[in-house]
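>>> When you get a sec, could you give me coordinates for this:
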Amino acid sequence: MDLTTTYLGMSLKNPLVPSASPLSDSLDNIRRMEDAGAAAMVMSSLFEEQITLESQQLDHYLSYGTDTFAEALSYFPDMETYATGPEEYLERIRRAKEAVDIPIIGSLNGVSTGGWIEYARKIEEAGADALELNIYYLPTNPSVTGAEVEEMYLEVLRDVKRSVSIPVAIKVGPYFSSIANMVSRLAQAGADALVLFNRFYQPDFDLEELEVVPRLTFSTSQELLLPLRWVAILYGRIPADFAITGGVHTHEDVLKCMMAGAKVAMMASELLQHGICRIGEILEAMQQWMEEHEYESISQMQGSMSQRNVAEPAAFERANYMKVLRSWRPDPTGQDIG
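Next up, the predicted model:
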């Protein structure tokens, strides 16, 4: 059974790639993920804030006015709580490259242009085979237009592409007024791959302490539907690879990603919840499914359920919305009535 795929110009033994998570903070975990069958590894992210804080360029702005706004600094994590600083992060990539044979993909998380972008080049020099640019930005200023937000993404991508020669994937969220147009422009700006979608974690309220608190929630397979739909729509229309992330938990999820048109399926929540051994279990189940359904290779199924290849392409658009709304039927036993 041929599970090979290509992503970012790299030939991978299968399409299952652990996404950025705390698991990559341990060299032992990286080795275990390779042994379990992972085809590549996305390292945990190096944040723009880590870089700028270390250089003291941000310290003044975070500290200014704290006498009158005591909780101002509490929204930012203490940088000592990060497992590594910028230089330690680069060393971790070097050690990972020495320890395993699978491709190592660095991850850089930022929202602005500036000196931190030089770390894209340093990540390349450390030995990373590719770079994932993770832009996590929530525009809250009512005076900032959608066009300005989009240009910010494009500008950061262009600056990073000018800094490196390795392939660059860009990981973005779904909150654009025209996803198709934005993805097309990112590809035109040099993105070698699009990773859909970034999960925007939502803060919660602590009613006892009256504080805004972070709340970690793992993904579920239900979340796969959004990136699955958009990759299926965009497959064959954008000159870049697609990776699906968020909601990949089972072998069925991975197979759906391939049929939509993705080159790789990325997972983190499943591994954090149920262990690294899940990689091997999922790969084994994929092969069994492919044998039962007479698929010889991953490439044979890639894009087979995309919008341009299905018998009813309108299923991805308004016709599907109308069908879903009309699909509900009352329970004849009356159980659905409270």
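>>> The host helix or strand of Met266 packs against which elements?
Element membership for Met266 (DSSP states H and E) is strand 264-267. Secondary-structure packing of strand 264-267 (3 or more CB pairs under 8 Å, 6 or more residues apart in numbering; DSSP states H and E): strand 16-18, strand 241-245, helix 251-260. Any C-beta I mention is one placed from the backbone N, CA and C, and that applies to glycine too.
>>> what residue ranges in this structure score low on pLDDT?
Within the chain, the stretches with pLDDT under 70 are 53-84, 311, 313-328, 333-338.
>>> got the residue ranges for the strands in it?
Counting by DSSP state E, the chain has these strands, from start to end: 5-7, 10-12, 16-18, 41-42, 46-47, 104-109, 130-134, 168-172, 193-196, 204-206, 211-213, 241-245, 264-267.
>>> Any chance of CSV for those, columns distance to Glu87 and mean neighbour count?
Listed next are the strands of the chain as CSV, based on distance: least, CB to CB, whole Å; neighbours: other CB atoms under 10 Å:
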stretch, distance to Glu87, mean neighbour count
strand 5-7, 28, 21
strand 10-12, 26, 16
strand 16-18, 24, 28
strand 41-42, 20, 26
strand 46-47, 10, 26
strand 104-109, 14, 26
strand 130-134, 17, 25
strand 168-172, 22, 25
strand 193-196, 26, 26
strand 204-206, 34, 11
strand 211-213, 31, 11
strand 241-245, 28, 27
strand 264-267, 27, 28
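>>> okay, these in TSV with distance to Glu284 next?
Shown next, in TSV, are the strands of the chain (distance: least, CB to CB, whole Å):
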stretch	distance to Glu284
strand 5-7	17
strand 10-12	17
strand 16-18	11
strand 41-42	20
strand 46-47	34
strand 104-109	24
strand 130-134	27
strand 168-172	27
strand 193-196	26
strand 204-206	38
strand 211-213	40
strand 241-245	21
strand 264-267	15
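>>> So for Val156, which of those sits nearest?
Closest approach to Val156 among the strands of the chain (CB to CB): strand 130-134, 7.1 Å.
>>> Now do the closest one: everything it contacts.
The contact list for strand 130-134, computed with CB atoms under 8 Å, 6 or more residues apart in numbering, reads 8, 10, 20, 42, 45, 103, 105-110, 120, 123-124, 156-157, 160, 164, 166-171, 192, 195, 198.
>>> If we use 6 Å, what do you get?
Identification of contacts with strand 130-134 by CB atoms under 6 Å, 6 or more residues apart in numbering yields 8, 42, 45, 105-109, 120, 123, 160, 166-171.
>>> ok, His293 - how many residues close by?
9 (other CB atoms under 10 Å).
>>> Ok, the one 4 residues further on next?
When neighbours are counted by other CB under 10 Å, Ser297 registers 13.
>>> and it, what is it in contact with?
Counted by CB under 6 Å, 6+ apart, Ser297 has contacts Asp2.
>>> which residues pair with it across the strands?
Asp2 (DSSP bridges).
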